[in-house]
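Novice: The sequence and its predicted three-dimensional model are supplied below.
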Amino acid sequence: MKCYEHQAKEVFKKFGIPVATGVVIDDLDKLDEAVKEVGFPVVVKSQVLAGGRGKAGGIKVAENREVATAEAKRLLGSEIKGLKVNKLLIEKKIDIASEYYLGIITDRDSYGPVAIVSSMGGMSVEDVSRDFPDKIVKRNIDYVYGLQDYEARMLVYSSGIKKEDINKVVHVLRNLYRVYKECDAELTEINPLVITSKGDIVAADGRLNIDDSSLYRHPDLKQYRDITLEVKLDEEVRVKYVELDGNIGIISSGAGITMTVMDQLIAAGGKPANFLDGGLSLLDKAPKVALDLLMARGVAAIMFSMYTGGRSDLMAKKFREAIESTPTLNIPVVVRFQGLNQEEAVETMKNCSYKDLHIAYDIDEAAKLAVKLAGRVK
């Protein structure tokens with residue numbers, strides 16, 4: 001279960017992590033009251049379950065009521081990365097002196113949590129890891145003993161964070177680990193963690209993903225579940241989706257073939273970003289929903305792989321329609337068909353107007369091609 005930014009911050013605040021003053025609104029009529037409570041200047045933040053909101057125009061600073069009204073009117077009801085903005089967070093603008101990154105993630109290779117700290121906040125942790133590897137440090141955490149004070153201090157010190165900020169950052173990191181453990185989280189991060197010009201520390205943004213299976217233990221967190229998204233995926237569209245930590249999106253036609261695609265991507269040196277089994281819904285709404293979902297996820301390439309006894313040419317037609325009606329699509333897409341009418345399916349995709357579409361003829365070729373193409377996307 002993904003939490004919106006304002007929900008993550010509500011949880012952070014309960015665990016002693018400072019956050020900026022903010023008010024959530026879902027109606028323009030509530031804006032005046034919100035800005036009066038927060039005080040100018042404010043930041044108008046779209047609340048969608050997608051990263052990169054700032055680059056997509058979903059976060060704007062407003063120095064006065066006129067600008068705040070214009071930005072709120074523009075954002076509320078708009079779409080950010082294919083997701084409708086139903087709520088805005090009106091937050092006090094922070095006077096930033098330094099920006100850091102803190103995260104606790106579940107590492108499937110070591111079967112446990114990993115703490116990540118960087119002195120370069122404000123940009124994606126993947127970019128920092130690639131471009132400035134010396135500015136990011138990681139440490140596996142023993143789940144039995146938890147994150148010890150000496151481990152937190154070693155991480156923060158090794159990341160290059162300013163000496164005068166170390167104690168404050170250590171305190172927040174340890175509390176962030178408490179959020180991870182006590183909320184049964186799969187991921188929680190603060191990016192950026194801000195030191196203000198007055199020396200205060202504030203979580204300027206926040207992410208919190210909670211293990212769905214644990215929600216029976218957390219009635220206070222269950223209220224954060226985005227019912228609309230889940231109904232759309234599971235009940236209305238019949239898409240089975242599980243988010244993973246890779247960068248290659250998968251759309252496939254059954255649980256078995258989806259698992260096979262994941263295995264082949266890993267064997268080819270890639271990492272799947274998700275499990276997505278569309279089943280027979282790929283003859284209906286699933287292709288469009290899947291593309292919107294993966295674009296919001298921020299994947300570097302998409303692999304669409306069919307192995308079906310149904311009519312693959314009809315699935316190809318629906319997928320082609322979805323591609324051509326997704327204006328946010330700007331990454332490589334690899335397609336591969338096997339099954340009834342697969343030749344017709346290939347011909348349908350050859351006539352697709354999307355330029356970055358690549359056709360493969362077996363699953364090994366498709367996986368290798370997806371990994372190669374994902375590597376070119378920065």
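Specialist: Nice, thanks for sending it over. Numbers count the residues shown, from 1 in each chain.

Novice: quick one, strands of the stretch 1-150 of the chain?
Specialist: Secondary structure of the stretch 1-150 of the chain by DSSP state E, counting those that start in this stretch: the strands cover 22-25, 42-46, 59-62, 79-80, 83-84, 88-92, 96-107, 112-118, 136-140.

Novice: Out of those, which is closest to Gly269?
Specialist: Counting by C-beta to C-beta, Gly269 lies closest to strand 96-107 out of the strands of the stretch 1-150 of the chain; the figure is 18.5 Å. Bear in mind the C-beta positions are built from the backbone N, C-alpha and C, glycine included.

Novice: can you pull the buried residues of that closest one?
Specialist: Applying a neighbour-count criterion of 16 or more other C-beta atoms under 10 Å, the buried positions in strand 96-107 are Ser98, Glu99, Tyr100, Tyr101, Leu102, Gly103, Ile104, Ile105, Thr106.

Novice: May I have the phi/psi pair for Met295?
Specialist: Main-chain dihedrals, Met295, degrees, to the nearest 10: phi -70, psi -40.

Novice: follow-up on the earlier one: could you tell me the least trusted of the strands of the stretch 1-150 of the chain?
Specialist: Mean pLDDT is lowest for strand 83-84 among these, at a mean of 80.

Novice: before we move on, back to that, nearest to Arg65, of the buried residues of strand 96-107?
Specialist: Arg65 has its nearest neighbour among the buried residues of strand 96-107 in Glu99, at 27.9 Å by C-beta to C-beta.

Novice: you'd agree Leu147 is up against Val172?
Specialist: No - counting by C-beta atoms under 8 Å, no contact exists between Leu147 and Val172, whose distance comes to 11.8 Å.

Novice: Please pull up the helix or strand immediately following the worst-scoring helix or strand of the chain on mean pLDDT.
Specialist: Ranked by mean pLDDT, DSSP states H and E, the helix or strand of the chain with the weakest confidence is helix 227-230, at a mean of 56. Toward the C-terminal end, the helix or strand that comes next after helix 227-230 (DSSP states H and E) is strand 240-243.

Novice: Quick check: Ser158 vs Ala152, distance?
Specialist: 11 Å (C-beta to C-beta, to the nearest Å).

Novice: Of those two, which one has the most company?
Specialist: When Ser158 is set against Ala152 and neighbours are counted by other C-beta atoms under 10 Å, the residue ahead is Ala152, at 24 against 15.

Novice: Spit out the contact partners of that one.
Specialist: Ala115, Val170, Leu173, Arg174, Tyr177 (C-beta atoms under 8 Å, 6 or more residues apart in numbering).

Novice: out of those, which one sits closest to Met262?
Specialist: Nearest to Met262 among these is Ala115, at 26.6 Å by C-beta to C-beta.

Novice: What helix or strand is Leu176 located in?
Specialist: Element membership of Leu176 [criterion: DSSP H and E] is helix 166-182.

Novice: before we move on, the earlier item: with distance to Ala360 added, can I get the buried residues of strand 96-107 in TSV?
Specialist: As requested, those are arranged in TSV below (distance: C-beta to C-beta, whole Å):
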residue	distance to Ala360
Ser98	47
Glu99	42
Tyr100	42
Tyr101	37
Leu102	40
Gly103	35
Ile104	37
Ile105	31
Thr106	32
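
Novice: Pick the one among those closest to Pro133.
Specialist: Distances from Pro133 to the buried residues of strand 96-107, taken as C-beta to C-beta, are shortest for Tyr101 (13.7 Å).

Novice: hey, where'd the helices end up in the stretch 151-300 of the chain?
Specialist: According to DSSP state H, counting those that start in this stretch, the stretch 151-300 of the chain carries its helices in the segments 166-182, 219-222, 227-230, 255-267, 286-297.

Novice: Now Glu164: closest residue in space that isn't a chain neighbour?
Specialist: Closest residue in space to Glu164, ignoring its immediate chain neighbours: Gly199 at 7.9 Å, by C-beta to C-beta, 6 or more residues apart in numbering.

Novice: Let me see the confidence value for the one you found.
Specialist: Among the per-residue scores, Gly199 shows a pLDDT of 95.

Novice: What of Arg130?
Specialist: pLDDT, the model's per-residue confidence, is 81 for Arg130.

Novice: how many neighbours does it have?
Specialist: 11.

Novice: how near is it to Val114?
Specialist: In this view, Arg130 and Val114 are 17 Å apart by C-beta to C-beta.

Novice: cool, Glu243 as well?
Specialist: Applying C-beta to C-beta, the value for Glu243 to Val114 is 17 Å.

Novice: Ok, Met120 next?
Specialist: Going from Met120 to Val114 by C-beta to C-beta gives 18 Å.
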